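Novice: Let me see the structure of the following:
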Amino acid sequence: MTKPNNAALRISHGSHSATGPKPRNEDAFSIVTPSDASLHTKGMLFLLADGVSGSDDGQLAAQLATRNISGDYYATPDTWEIPMALDKVMSACNRWLLGQKSND
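Specialist: Model prediction:
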């Protein structure tokens with residue numbers, strides 16, 4: 001009979017993003033490991049936003065998306081399942097970003 005493994009999960013992470021054919025890299029990423037109970041209810045969050053290099057504000061949009069989604073996701077009610085919380089937060093962020101572009 002095997003004993004259950006009670007060892008804590010350890011995750012190491014790093015990042016690298018190449019510029020590709022464009023002279024500037026506009027990608028953004030965010031990694032969130034909560035230190036409170038939300039680690040067990042919502043887990044860790046790894047986000048990658050591909051900056052749209054054809055846009056003047058592609059880098060800013062990618063940075064705002066990762067920052068807003070990671071902040072808003074952990075503020076959702078614990079009664080929301082993870083897929084629903086992510087869908088609502090990402091949809092709201094996309095609507096907000098599109099609204100900012102239309103205000104120009």
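Novice: if I pick P34, what's in contact with it?
Specialist: By C-beta atoms under 8 Å, 6 or more residues apart in numbering, P34 lies in contact with 42, 44, 74. (Each C-beta comes from the backbone N, C-alpha and C, glycine too.)
Novice: how about those residues in TSV, adding secondary structure, distance to P34 and pLDDT?
Specialist: Formatted as TSV, the contacts of P34 follow (DSSP: H, G, I helix; E, B strand; the rest coil; distance: C-beta to C-beta, whole Å; pLDDT from 0 to 100):
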residue	secondary structure	distance to P34	pLDDT
K42	coil	7	93
M44	coil	8	92
Y74	coil	6	94
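Novice: could these go into JSON lines alongside neighbour count?
Specialist: Shown next, in JSON lines, are the contacts of P34 (neighbours: other C-beta atoms under 10 Å):
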{"residue": "K42", "neighbour count": "18"}
{"residue": "M44", "neighbour count": "13"}
{"residue": "Y74", "neighbour count": "17"}
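Novice: Show me where the chain dips below the pLDDT cut-off.
Specialist: 1-7, 20, 53-55, 101-104 (pLDDT under 70).
Novice: Nearest the middle, which residue of it would you pick?
Specialist: Centroid-nearest residue in the chain: L47, 3.1 Å away (criterion: C-alpha atoms, centre = their mean).
Novice: Doesn't that one belong to a helix?
Specialist: No. Read with DSSP: H, G, I helix; E, B strand; the rest coil, L47 is strand and lies in no helix.
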